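Q: what shape does this take:
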Amino acid sequence: MWPADIGQKAQAIITDFTARGLKLATAESCTGGLIAGALTEIAGSSCVVDRGFVTYSNDAKIAMLGVGPETLAAHGAVSRETALEMARGAVSHSAADIAVAVTGIAGPSGGSAEKPVGLVHLAAAGRNGALLHREMRYGDLGRDGVRLATVRTALALIEEIAGAA
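A: Down below sits the predicted model:
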């Protein structure tokens, strides 16, 4: 179902987290659940994946993850600040040790000069306080291309923050 590299990365995460007894949550906007989907494609993922939040709207980000309305008003949904709050909120609203969050503009519309199509902010948070952020400017790869590129980066970010867990 997934490109081989995504399947292999998801398998590696599930294997590592299972061995270490770690739980994971996802908070997704532009990917609409694809990260959770890639992870739960792997047999045995129920021991690792606690839950996935699909928070496409600002109201969902506020209600489900505790993103501050003031953050959204000041920085917008597609911002470093929002991604970090989404990741921290996913940890605090779950049993996860680690959470990854993504928010961006997959296109084909919705971009601007300041925030073009292909701009995605990713964040990962650990219950131990670890925090990572990546700003990716994938360019206009088409909606599917931006979303798949985001899944790849999110899986790499999960591996990176797991090294600090």
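Q: show me where this structure has helices.
A: Per DSSP state H, the chain carries helices over the ranges 4-20, 34-40, 58-65, 69-75, 80-92, 143-162.
Q: just checking, what packs against the longest one?
A: Counting contacts by 3 or more C-beta pairs under 8 Å, 6 or more residues apart in numbering; DSSP states H and E, helix 143-162 is packed against helix 4-20, helix 34-40, strand 98-104, strand 119-126, strand 131-137. No exception for glycine: its C-beta is placed from N, CA and C like everyone else's.
Q: among the ones you listed, which is the most enclosed?
A: Each of those was scored by mean neighbour count; the highest is strand 98-104, a mean of 30, by mean count of other C-beta atoms under 10 Å.
Q: quick one: mean pLDDT over it.
A: The average pLDDT for strand 98-104 rounds to 98.
Q: that strand pairs with which strands?
A: strand 24-28 (parallel), strand 119-126 (antiparallel) (DSSP bridges).
Q: for the spatially most central residue of the chain, list each beta-bridge partner.
A: By C-alpha atoms, centre = their mean, the chain has its centre lying nearest to Ala101, at 2.8 Å. Note on Ala101: beta-bridge partners by DSSP bridges are Ala27, Ala123.
Q: for it, what are its contacts?
A: Residues counted as contacts of Ala101 (C-beta atoms under 8 Å, 6 or more residues apart in numbering) are 26-28, 65, 83-84, 86-87, 89-90, 122-125.
Q: alright, I will stop here.
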